[in-house]
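>>> no sequence for this one, just the structure:
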């Protein structure tokens, strides 16, 4: 290998790193928060707007907080409080099994940029 080969490999590594950083730093983890109780949707909320949602079910209550692009359960009257202890999330979901509550962060469907046929 000569000097030109090393320069070409270096340029490829730099361009690959820049491309990786560009696509991952500009990526949004999620755009909306969907709250479900059992198999029914309780509500869908924007992740970009701070909000406090009190979810009351037959088995208890949960207080869901949307704040600074993340979501967490502030309070719940379930016995184990696993949902409260999970903390803030920016992607994925929080589940409260005793109340059959699911809080999940989803992409907005209108952001589809291609259609396969």
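Great, that's in hand. Every value quoted in this text rests on a predicted model; they were computed, and no experiment measured them.
>>> okay, CA-based contacts and neighbour counts for the rest of this
Will do.
>>> just give me the neighbour total for residue 12.
By other C-alpha atoms under 10 Å, 12 other residues sit near residue 12.
>>> quick check on it: phi, psi?
phi -60, psi -40 (degrees, to the nearest 10).
>>> mind checking how far the residue nearest the centre of the chain is from residue 80?
Centroid check for the chain by C-alpha atoms, centre = their mean gives residue 91 as the closest residue, at 2.0 Å. Note on residue 91: its distance to residue 80, by C-alpha to C-alpha, to the nearest Å, is 23 Å.
>>> so where's the chain shaky on pLDDT?
23-30, 108-117 (pLDDT under 70).
>>> got the end-to-end distance for stretch 33-50?
OK, stretch 33-50 end separation, C-alpha to C-alpha: 11 Å.
>>> ok, and the closest non-adjacent residue to residue 75?
Excluding the flanking residues, the one nearest residue 75 by C-alpha to C-alpha, 6 or more residues apart in numbering is residue 63, at 5.1 Å.
>>> next one: residue 58
residue 99 is the one closest to residue 58 (C-alpha to C-alpha, 6+ apart), at 8.0 Å.
>>> what about the one you found, distance to residue 80?
Applying C-alpha to C-alpha to residue 99 and residue 80 gives a distance of 11 Å.
>>> kindly report the same for residue 95.
Counting by C-alpha to C-alpha, the gap from residue 95 to residue 80 is 12 Å.
>>> the more surrounded of those two?
The neighbour comparison of residue 95 against residue 80 (other C-alpha under 10 Å) goes to residue 95, with 19 against 12.
>>> for the more buried one, list each beta-bridge partner.
In this entry, residue 95 is beta-bridged to residue 102, by DSSP bridges.
>>> that one contacts residue 85, doesn't it?
No - taking contacts as C-alpha atoms under 8 Å, residue 95 lies outside contact range of residue 85: 11.1 Å.
>>> picking that back up, just to be sure, the residue nearest to the centre of the chain is in a strand?
No - going by DSSP: H, G, I helix; E, B strand; the rest coil, the assignment for residue 91 is coil, not a strand.
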